[in-house]
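Okay, sequence plus prediction incoming.
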Amino acid sequence: MQKLELLYEGKAKKVYATDDPALVIVDYKDDATAFNGAKKGTIAGKGVINNQMTNRFMAKLETAGVPTHFVRELSERETVVKKVSIVPLEVIIRNISAGSFAKRYGVEEGIVFDEPTIEFSYKCDALDDPLLNTSHALALKLATPEEIAVIEKYAFAVNDFLKSFWSSCGVTLVDFKLEFGRLADGRLVLADEISPDTCRLWDSKTHEKLDKDRFRRDLGGVEGAYAEVMRRMMEAL
Ligand code: TMP
Ligand code: ASP
């Protein structure tokens with residue numbers, strides 16, 4: 001399958017048309033940004049890890065009953081996916097307090113919740129992805145009530161799967177962000193990526209951060225952390 005014209009370039013990926021109107025090719029970059037692009041850098045090898053990790057998770061999630069956009073891996077950094085129109089919601093699940101949750105509510109990081117939380121942000125860089133609730137999402141017609149219900153069901157199913165997978169690797173899944181897309185017939189599928197860019201992953205014993213927070217917070221050892229979680233994933237597969 002051939003890459004045709006560039007359809008879209010995001011912060012971490014490029015999307016190309018193909019000769020099949022229902023399929024596009026995603027090309028993962030090593031570029032890293034944080035704070036809505038205010039901080040920029042490169043994480044060497046990240047594109048390869050994020051591509052391969054995402055694809056392995058998407059394939060597993062399909063068999064666990066969560067439909068995804070994944071079709072097939074083309075190369076180290078490139079994957080064929082179904083063309084979707086992205087629902088402009090960032091869907092965030094949290095198992096443990098961290099990041100913007102800890103900041104917003106004035107609590108420390110590391111509080112283990114009895115039940116996972118779910119929240120939505122309006123995917124809009126110009127507005128800095130503001131937090132919004134279901135009634136706001138409905139008022140703005142970002143999704144239908146039926147779509148929100150399906151998104152919530154899939155997001156919690158992804159959490160169940162990822163939590164238990166990472167736990168078997170000695171990694172604690174703190175929180176993560178998902179995006180969903182609509183196929184031409186309106187069906188919702190999981191899209192975007194599942195990677196150390198979009199998940200907080202802590203070593204279960206030492207609580208060492210093994211994700212993009214090392215880049216966001218200038219902790220050093222960014223490439224090593226990405227390589228370590230990928231190594232643990234491959235060992236567990
Ligand atoms: P937050 O605590 O900063 O709201 O982040 C929650 C989770 O979402 C965390 O695992 C990182 C991920 N995330 C993204 O994937 N993209 C983003 O733009 C942001 C802000 C967070
Ligand atoms: N999506 C954020 C940005 O673009 C990055 C993040 O914090 O993950 O800057």
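Arrived safely, thanks for sending. Numbering: from 1, shown residues only. Ligands and ions are numbered 1, 2, ... in the order given.

so residue 53 makes contact with residue 230?
Yes: between residue 53 and residue 230 there is a contact under C-beta atoms under 8 Å: 6.0 Å. Glycine gets a C-beta too; all of them are placed from N, C-alpha and C.

Could you list the contact residues of the protein toward ligand 1?
Proximity of the chain to ligand 1, by C-beta under 6 Å from any ligand atom, involves residues 92, 98-101, 175-177, 198-200.

What is the most widely separated pair among the residues you listed?
Greatest spacing in these, by C-beta to C-beta: 101 and 198 (15.4 Å).

thinking again about what came up before, now, which of the residues of the chain next to ligand 1 lie within helices?
99-101 (DSSP state H).

quick one: residue 85 from residue 32, how far?
Counting by C-beta to C-beta, to the nearest Å, the separation of residue 85 from residue 32 is 26 Å.

swap that for residue 107, please
27 Å.

higher neighbour count, those two?
residue 32 (18 against 12; other C-beta atoms under 10 Å).

quick one, what contacts whatever residue of the chain ends up closest to ligand 1?
Ligand 1 sits closest to residue 99 of the chain, with a gap of 2.2 Å, by C-beta to the nearest ligand atom. By C-beta atoms under 8 Å, 6 or more residues apart in numbering, the residues touching residue 99 are 109, 175, 200, 213.

Out of those, who's the most crowded?
Highest count within those by other C-beta under 10 Å belongs to residue 175, 24 neighbours.

Which residues of the chain lie near ligand 2?
Close to ligand 2, as judged by C-beta under 6 Å from any ligand atom, the chain has residues 11, 33-37, 212, 216.

now do 5 Å
Selection of the chain residues close to ligand 2 by C-beta under 5 Å from any ligand atom yields 11, 33-34, 36-37.

Throw together a ChimeraX command that grabs the buried residues out of the residues you listed.
Of the residues of the chain next to ligand 2, the buried ones go into a single ChimeraX selection, burial set by 16 or more other C-beta atoms under 10 Å:
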select :33,34
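
quick one: which of the residues of the chain next to ligand 2 is nearest residue 48?
Nearest to residue 48 out of the residues of the chain next to ligand 2 is residue 11 (C-beta to C-beta; 17.1 Å).

Does that closest one fall in a helix, a strand, or a coil region?
What DSSP: H, G, I helix; E, B strand; the rest coil gives for residue 11 is coil.

Can you read off the pLDDT for the spatially closest residue to it that is not a sequence neighbour?
The shortest distance from residue 11 to any non-neighbouring residue, by C-beta to C-beta, 6 or more residues apart in numbering, is to residue 33 (4.6 Å). On pLDDT, residue 33 comes in at 98.

Could you do residue 1 as well?
pLDDT, residue 1: 88.

ok, how many other residues are close to it?
By other C-beta under 10 Å, 14 other residues sit near residue 1.

what's the residue nearest to it when sequence neighbours are not counted sitting at in phi/psi?
Closest residue to residue 1 apart from its sequence neighbours, by C-beta to C-beta, 6+ apart: residue 18 at 5.4 Å. Taking degrees, to the nearest 10, you get phi -130, psi -180 for the backbone angles of residue 18.

Over to residue 205?
Main-chain torsions, residue 205, degrees, to the nearest 10: phi -90, psi -50.

is it true that it touches residue 169?
No: counting by C-beta under 8 Å, residue 205 does not reach residue 169; the two are 11.8 Å apart.

of those two, who's got more company?
A count of neighbours by other C-beta under 10 Å puts residue 169 above the other of residue 205 and residue 169, at 21 against 8.
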